[in-house]
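1. kindly return the folded structure for what I paste below:
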Amino acid sequence: MLNLLKTKATAPVLLASLALLGACQSNTTKQETATTTDASASADTAKAKKPLSQPLVRDIYTADPSAHVFGGKIYIYPSHDIEAGIPENDKGDHFAMRDYHILSMDSINGKVTDHGVGLDIKDIPWAGRQLWAPDAAFKNGTYYLYFPVKDKQDVFRIGVATSKSPSGPFKAEPAPIPGSFSIDPAVFTDTDGKAYMYFGGLWGGQLQRWQGGKYNPNAPEKEPNGNQPALNARVAKLSADMKRFDGPVQEVKILDENGKPLLASDSSRRFFEGGWMHKYKGKYYLSYSTGDTHLLVYATGDSPTGPFTYQGVIMKPVQGWTTHHSIIPIKDKWYIFYHDTQLSGKTWLRNIKVTELKRRADGSIETITP
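-> Coordinates of the predicted model:
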């Protein structure tokens, strides 16, 4: 009787103890599973953050690489980032570059040579501040360096400098290209010998202040809102001497899959800055940065002046706020030159990189995860 009562009395305690033990074992298993999952996630994150490629130069900060093959050698014309001590803002005042270093390499993954300063802001008679992303071209024995810089009135214009060597030094013309404005000049020479300049950038690039063909200092700092058409890059044919526009500046139309203009609210597809043109199998590829959505995307067309139809993403976001690129063929492959902030972790101190650009059989570009 006593034993029976004792068993009945202790049964709930025993059951409770067993339940508690099971719960502890269950929690331990869950914790182990969570720990394993967290470790896997951390490993995946670390793997995902591993850079696709390494900086081409490490002793100076470089960005916005414009690459070309001149005389069988690869030349790169980047921005030269510096620590100017200016707080970050949407106008880009902290990008206070003052000169350009010209780089070269005999082959991809080869040694990079820094040829030193190719052009200094103090040697540009009309310049005020902020020597931003340049490009280069060659014609009839002369090399041309195109650059945006704010004039004495703090308005971005585009200038041109010349040299008999692709490594410089370059001598700037005494005045900016008439009719030029905004930033990011990119010069494309077609197979028929005609050359075109693409340019423009929003926010700090001031493109939004040029609606109607005249600079408006009181225009909003940023782009149109809502369902208004997006502001697009500009294009102009260059003169025979490559120093001025030969004809009017035109807006580059970028359309969606239904043939309608992209809207300003379509921030993952609309133009922001950093336009670049290349040609592949008779098609014109306009690539550009979407800016605040951090993508490099592209659109294709049948004419160098458009219209262009949006096609997709070339490169997912890099480390850092801005993204800017160039695309060129080297021997039997295509490469994309770009930048991120691997070395500094700071938006305004960037480093240039290069990786292969791959296409599908139909000419579409495979998306790169940098």
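2. which residues of the stretch 251-370 of the chain fall in strands?
-> Using DSSP state E, counting those that start in this stretch, the strands of the stretch 251-370 of the chain run over 254-255, 273-280, 283-289, 296-301, 308-315, 326-330, 333-340, 351-357.
3. and of these, who's closest to Tyr143?
-> strand 326-330 (15.8 Å; Cβ to Cβ). All C-beta atoms are positioned from the backbone trio N, CA, C, and that covers glycine.
4. leaving out chain neighbours, which residue sits closest to Pro166?
-> Phe70 (4.3 Å; Cβ to Cβ, 6 or more residues apart in numbering).
5. now do that neighbour, the pLDDT please.
-> We note a pLDDT of 98 for Phe70 in this prediction.
6. hey, what's it bridged with?
-> Beta bridges link Phe70 to Lys73, judged by DSSP bridges.
7. could I get the contacting residues of it?
-> Taking Cβ atoms under 8 Å, 6 or more residues apart in numbering as the contact definition, Phe70 lies against Phe138, Tyr143, Pro166.
8. quick one: which of the residues you listed has the most company?
-> Tyr143 (24 neighbours; other Cβ atoms under 10 Å).
9. any idea of the mean pLDDT in the helix or strand harbouring that residue?
-> Secondary structure assignment for Tyr143, by DSSP states H and E: strand 142-151. Per-residue pLDDT over strand 142-151 has a mean of 98.
10. for that strand, list every residue counted as buried.
-> Of all the residues in strand 142-151, those buried under the rule 16 or more other Cβ atoms under 10 Å are Tyr143, Tyr144, Leu145, Tyr146, Phe147, Pro148, Val149, Lys150, Asp151.
11. that one: partners in the sheet, and parallel or antiparallel?
-> Sheet pairing for strand 142-151, using DSSP bridges, gives strand 127-129 (antiparallel), strand 135-139 (antiparallel), strand 156-163 (antiparallel).
12. out of those, the one nearest Gly363 is which?
-> Once the strands paired with strand 142-151 are compared by Cβ to Cβ, strand 135-139 is nearest, at 24.0 Å.
13. may I have the closest one as CSV, with CA atoms only?
-> The C-alpha atoms that make up strand 135-139 are tabulated as CSV, following Å, rounded to 0.1, in the frame of the first residue of the first chain:
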residue,chain,number,x,y,z
ASP,A,135,37.6,59.1,-71.1
ALA,A,136,40.1,58.9,-74.0
ALA,A,137,40.2,58.5,-77.8
PHE,A,138,42.7,58.3,-80.6
LYS,A,139,42.6,59.7,-84.1
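14. taking strand 273-280 as reference, get the angle to it.
-> With axes from the mean of the first three to the mean of the last three Cα atoms, to 10 degrees as the basis, strand 135-139 and strand 273-280 are set at 40 degrees to each other.
15. got the angle between strand 135-139 and strand 326-330?
-> Using the same axes, to 10 degrees: strand 135-139 against strand 326-330 is 40 degrees.
16. any low-confidence regions in the protein?
-> Scanning the chain for pLDDT under 70 picks out 1-48.
17. change it to 50
-> Scanning the chain for pLDDT under 50 picks out the ranges 1-47.
18. got the domain ranges for it?
-> The chain resolves into domains spanning 1-50, 61-357 when parsed by automatic domain parsing.
19. buried deepest among these, which one?
-> Greatest average neighbour count among the domains of the chain goes to domain 61-357 (a mean of 19), per mean count of other Cβ atoms under 10 Å.
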